[in-house]
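A.B. asks: I need the structure of the sequence given here:
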Amino acid sequence: MSTPISGIVAYPVTPMDTEGKVADDVLRALVDRLIDAGVDALAPLGSAGESAYLEEREWEAVASICLEQVDGRVPTVVGISALTTGAAIAKARFAERLGATAVMLLPVAYWRLTEREVRTHFATVAASIGIPIMAYNNPGKSGIDMTPEFLVDLAADVDNITMIKESSGDIARLRRISALGGAGVACFNGSNQLPLLAFEAGAVGWCTAAPCLVPAQIVGLWGLLESGEMAAATALFERLKPLLTVLVGGGLPRTVKAGLRSRGFEAGDPRPPLQPVSATMRREIAELLAAIHQ
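C.D. replies: Purely as a prediction, here's the structure:
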């Protein structure tokens, strides 16, 4: 099973209104903003989308709004993370019914999971749906660290695991996945600090929330890489790097929403217990964005 996903996979935040509820119209506008900027795919309900903080009905509402608003204009990868396999299956099936192109499965744990338990979790969810899966490694968020060897072996064993997103921030892992997987599995970079090195290592795409704030620049950077214009790509990345570093360091839901506010796009505050960034960081993000948009 293959999947037509590559390039910039953009992660929208989940906008909230003044009462802390999902702001449907703002979410639709953000989806349009990202697609109009030329992103290659959309991935709602990732960590930047505060999926871990949404109630079940809210999660379903965000998935429905995004898939409806995308309306087939770009591929969609719906983020799936749940403590139990049953809950992950329910979300994956819901995304498939909505018409998602693929799902991105992040195993999360309260009790430390064994390798066998992680493997069974992926295989069971995969068997419950007929669309491709992106296996997502993000040990900093999930508490589970899957090695390149494990991920490539998992993709070889489970037919509809066709993609791997590596977000540990270790470029050696991306290189190892590419070397082990060959053409059999598509590797995606999930670290904002590594797009240039990841492309050189064989990554076919970059999963990032940065297009919420600088969409033209992020799309342009990947285009330069694909066309082999490494000097221009490096120069653009150096301009973007201070912003990308601050976004990740301050926590994506907080920093991206602060950046959107500074650009006149109100996506509300992150959901408690998350809190808005400090006034100092808010000014720093605004200044970085202003410099990039000059």
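A.B. asks: How about residues contacting the helix or strand containing Val62?
C.D. replies: Element membership of Val62 [criterion: DSSP states H and E] is helix 56-70. Helix 56-70 is contacted from outside by 12, 14, 22, 24, 27-28, 31-32, 35, 42, 44-45, 49, 51, 54, 76, 78, 91, 94-95, 98-100, using Cβ atoms under 8 Å, 6 or more residues apart in numbering. The C-beta positions use only the backbone N, C-alpha and C, and glycine is treated the same way.
A.B. asks: can we see that at 6 Å?
C.D. replies: Helix 56-70 has contacts (Cβ atoms under 6 Å, 6 or more residues apart in numbering) with 14, 22, 24, 27-28, 31, 42, 44-45, 76, 78, 95, 98-99.
A.B. asks: before we move on, what about stretch 196-211?
C.D. replies: For stretch 196-211, contacts defined as Cβ under 6 Å, 6+ apart pick out 6-11, 34, 39, 48, 165, 171, 174-175, 178, 186-190, 192, 195, 218, 225, 237, 252, 256.
A.B. asks: Which members of these are positioned in helices?
C.D. replies: Secondary structure from DSSP state H places Leu34, Ile171, Leu174, Arg175, Ser178, Pro195, Ile218, Leu225, Phe237, Leu252, Val256 of those in helices.
A.B. asks: Before we move on, what's the pLDDT of Ser2?
C.D. replies: pLDDT recorded at Ser2 is 58.
A.B. asks: any idea which element Glu149 lies in?
C.D. replies: Glu149 belongs to helix 148-157 when assigned by DSSP H and E.
A.B. asks: What's the mean pLDDT across that helix?
C.D. replies: The average pLDDT within helix 148-157 is 95.
A.B. asks: Show me the shaky parts of the stretch 51-200 of the chain.
C.D. replies: For the stretch 51-200 of the chain, the stretches with pLDDT under 70 are 182-183.
A.B. asks: Could I get the full set of strands for it?
C.D. replies: Along the stretch 51-200 of the chain, counting by DSSP state E, counting those that start in this stretch, strands occupy 77-82, 102-107, 133-137, 161-166, 186-189.
A.B. asks: need those strands in a markdown table with mean neighbour count, can you?
C.D. replies: Below are the strands of the stretch 51-200 of the chain laid out as a markdown table (neighbours: other Cβ atoms under 10 Å):
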| stretch | mean neighbour count |
| --- | --- |
| strand 77-82 | 27 |
| strand 102-107 | 26 |
| strand 133-137 | 26 |
| strand 161-166 | 26 |
| strand 186-189 | 26 |
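A.B. asks: Thanks again, I'm all set now.
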